[in-house]
Each structure stands twice: as structure tokens, then as C-alpha cells.
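[1] Build me a model from this:
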Amino acid sequence: PAGFKNSFDEMTIHLLNEHPNELETRNYLDAALKGKSIGLLSDAGCPGIADPGASVVKMAHEKNIAVVPLIGPSSILLALISSGMNGQDFAFNGYLKRENQLLTKQLRELEKRAQQQNQTQLFIETPYRNTHLMEDVLGTCNSETLLCIACDITLATEFIKTKTIREWKTQRPDINKRPAIFLIYK
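    As a prediction, the model looks like this:
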């Protein structure tokens, strides 16, 4: 990167897993407390948005360390922008429930909220479970509900389409093991 004059081999890198615990992360900010600049990167999306980086940012605030956001492309915002759905009023719901009955109930609640509040509902899933989630959405939501599937955003294989549930049922995309964002709207 421009302005970076050190060797990446000399950098200290800490891994932040899906469910960080305080014992593992409590020393991550030591360099910042000593006056050094540090950064937080995410392997996909933005640090702190549906990402365990939020716990490190929270610790930085607790330790009175200045937090300066530097953002690249956000798959969540890019999906909303390209969906044609309500960008004025929306809710990001993160990962939905995994158990079938709870997931079905949650999808119905999101669909109801989309209709009653005129609010776009966004959610994500781990890439290897995308196909399963898509099938659950198609089997649960009303045939006239709009579903946007935004997959591989900013990659050469990018796929972003908004159709009704009825239309998706006749033309399912292959989204298995590809990063995706799902949006529903009535």
C-alpha cells in the first residue's frame, strides 16, 4: 500500500476467529496503547459488520484508543444499492437461525416486517449453507415477495438479481460456497 514503508514480514498479525474470547484478544491492542498505529482487516466485507472485529473495536473504545474507520467495498451496502429495494429504510439481520422451525418463523417475521414497515430485510449465511438458506426462503416466503441474491460482489463472477419468489422457483442460481447477501422486500 502507498505510504507503508515497513516489511510485512515484520508485522505482528493476530487471528480473530468467529467466536473470540477475551483471553485471546486482550493483548491485541497493546501496540496501540504504546502509541503505535494498528489496523483491523476482515477477510470479507468490513471489520465489525457481521464480523468478530467488533469485539476488538469495543475494547479500543474501552481503553480510550481512537478508532478511525477506513472502509473498502461493503457487500452489505453494495447489495442494497444494486437490489432496487428500499434503501431509505432497511434492517441488516446478520445470520439467521439454523434450526428449520426457528428459521421458518424468523423468515416469516422478516417478510411481515418488510411488508408492514416497507423495510428491506438483509441477511447473510456461511457460503457452504447458501443453497440451503435459499431453498428455505423459497419454501417459506410468499410467491410475490421480492428476493435479491447478491453473490460474489466485486468479483468477476458477480451475480446480483432481484426477482419474485415465484420467478426464483423456476430459475435457481448456483450460489453454493459463494459469499452472498440475501434481501427480501414486499
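
[2] can you tell me the helix or strand for the residue most central in space within the chain?
    Per Cα atoms, centre = their mean, the C-alpha nearest to the average position across the chain is that of Ala50, at 4.9 Å. Assigned by DSSP states H and E, Ala50 falls within no helix or strand.

[3] Let me see the contact set for it.
    The neighbours of Ala50, taking Cβ atoms under 8 Å, 6 or more residues apart in numbering as the test, are Ile76, Phe92, Gly94, Tyr95, Ile124. Bear in mind the C-beta positions are built from the backbone N, C-alpha and C, glycine included.

[4] Pull out the buried positions in the longest helix that the chain contains.
    Counting by DSSP state H, the longest helix found in the chain is helix 100-117. Buried residues in helix 100-117, counted by 16 or more other Cβ atoms under 10 Å: Leu103, Gln106, Leu107, Leu110, Glu111, Arg113, Ala114.

[5] now the first one: how far from Met134?
    With the distance defined as Cβ to Cβ, to the nearest Å, Leu103 ends up 12 Å from Met134.

[6] can you check Leu110 too?
    Counting by Cβ to Cβ - Leu110 and Met134 are separated by 14 Å.

[7] For the chain, which segments count as strands?
    Secondary structure of the chain by DSSP state E: the strands cover 90-95, 120-124, 146-151, 159-164, 180-185.

[8] Which among those strands is found nearest to Asp9?
    strand 120-124 (33.7 Å; Cβ to Cβ).

[9] The closest one vs strand 146-151, what angle?
    Counting by axes from the mean of the first three to the mean of the last three Cα atoms, to 10 degrees, strand 120-124 lies at 40 degrees to strand 146-151.

[10] Next up, the contacts around the nearest residue to Ile184 once chain neighbours are set aside.
    Spatial nearest neighbour of Ile184, chain neighbours left out: Gln121 (5.0 Å); criterion: Cβ to Cβ, 6 or more residues apart in numbering. Gln121 is in contact with Phe90, Ala91, Asn93, Leu110, Glu111, Arg113, Ala114, Leu183, Ile184, Tyr185, counting by Cβ under 8 Å, 6+ apart.

[11] okay, those in TSV with distance to Pro69 and pLDDT next?
    Below are those laid out as TSV (distance: Cβ to Cβ, whole Å; pLDDT from 0 to 100):
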residue	distance to Pro69	pLDDT
Phe90	20	97
Ala91	21	97
Asn93	22	96
Leu110	28	98
Glu111	32	98
Arg113	28	97
Ala114	29	97
Leu183	24	98
Ile184	28	98
Tyr185	28	98
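
[12] any idea which of these is closest to Ile13?
    Asn93 (31.0 Å).

[13] how near is the closest one to Leu29?
    29 Å.

[14] Show me what counts as buried in stretch 86-97.
    Result for stretch 86-97 [16+ other Cβ under 10 Å]: buried residues Asn86, Phe90, Phe92, Asn93, Leu96.
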